[in-house]
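> Build the 3D model from these lines:
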Amino acid sequence: MQQDRSLRTLIKVHWLSWTLMVLAHVTYGGFLHDRNAGPTAWAVSAVLAICGAGAITLFWPLIRRVILLGFQSDMGYFVMALSVASLAVVAVTQFQVFAYFAMLLAVSLLARVDNLILGLKDTAAFFLLAGLALLGLALSWLPQLLWVAD
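You can find the predicted model right below:
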């Protein structure tokens with residue numbers, strides 16, 4: 001039986017994860033605005049959004065292989081333990097930033113699962129996830145631009 005893959009059906013089925021992803025990036029953009037982040041922080045955020053989309057789509061087989069290889073030796077376990085300990089220190093010292101990145105990771109993975117259910121190829125999923133992330137960051141500028149106009 002052929003699935004209906006029209007745009008209307010896709011939006012009807014997968015709108016929640018895509019909306020959550022855009023809203024999470026809008027919220028993160030608001031955080032950057034509150035911190036009066038400069039252009040460098042915005043550029044790094046855009047690059048991280050694109051790299052995150054690439055990591056869970058295009059480069060996932062490579063990342064998965066590296067992680068699995070890390071658990072096959074004592075040195076790998078040591079590096080993984082140091083990484084988790086460092087992440088725990090960041091989580092405690094920079095809780096708000098860590099919470100934003102955890103939220104962005106969670107919604108990106110949710111949208112990726114929806115894309116897998118949808119049957120999108122990795123390149124299409126990458127462009128969709130990167131586009132949604134960049135759309136969210138761009139929409140976070142809307143209140144700033146409207147307040148400047150007043």
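> Show me the contact partners of the helix-or-strand element of the chain with minimal mean pLDDT.
Lowest on mean pLDDT, DSSP states H and E among the helices and strands of the chain sits helix 142-149, with a mean of 81. Helix 142-149 is touched from outside by 30, 33, with contacts defined as CB atoms under 8 Å, 6 or more residues apart in numbering. The way it works is simple: take the backbone N, C-alpha and C, and place the C-beta from them, glycine included.
> from the chain's centre, how far out does that helix sit?
Chain-centre distance of helix 142-149: 25 Å, with CA atoms, centre = their mean, to the nearest Å.
> for stretch 99-109, same thing?
Going by CA atoms, centre = their mean, where stretch 99-109 is centred and where its chain is centred differ by 6 Å.
> Quick check: buried residues in that stretch?
Buried residues in stretch 99-109, counting neighbours by 16 or more other CB atoms under 10 Å, are found at 100-101, 103-104, 107-108.
> immediately after the longest helix seen in the chain, which helix or strand?
For the chain, the helix with the greatest residue count under DSSP state H is helix 7-34. Next along the chain after helix 7-34, taking DSSP states H and E as the criterion, comes helix 39-56.
> Helix 39-56 and the next helix-or-strand element following that next one, what's the angle between them?
Following helix 39-56 in sequence order, the next helix or strand is helix 60-70 (DSSP H and E). Put simply, helix 60-70 runs at 80 degrees to helix 39-56, going by axes from the mean of the first three to the mean of the last three CA atoms, to 10 degrees.
> what does helix 60-70 contact?
55, 76-77, 79-80, 122.
> 6 Å - rerun?
With contacts defined as CB atoms under 6 Å, 6 or more residues apart in numbering, helix 60-70 is touched by 55, 76, 80.
> What is the neighbour count of the second one?
G76 is flanked by 15 other residues according to other CB atoms under 10 Å.
> Can you check the pLDDT for it?
According to the prediction, G76 has pLDDT 83.
> Show the contacting residues for it.
So G76 contacts G70 (CB under 6 Å, 6+ apart).
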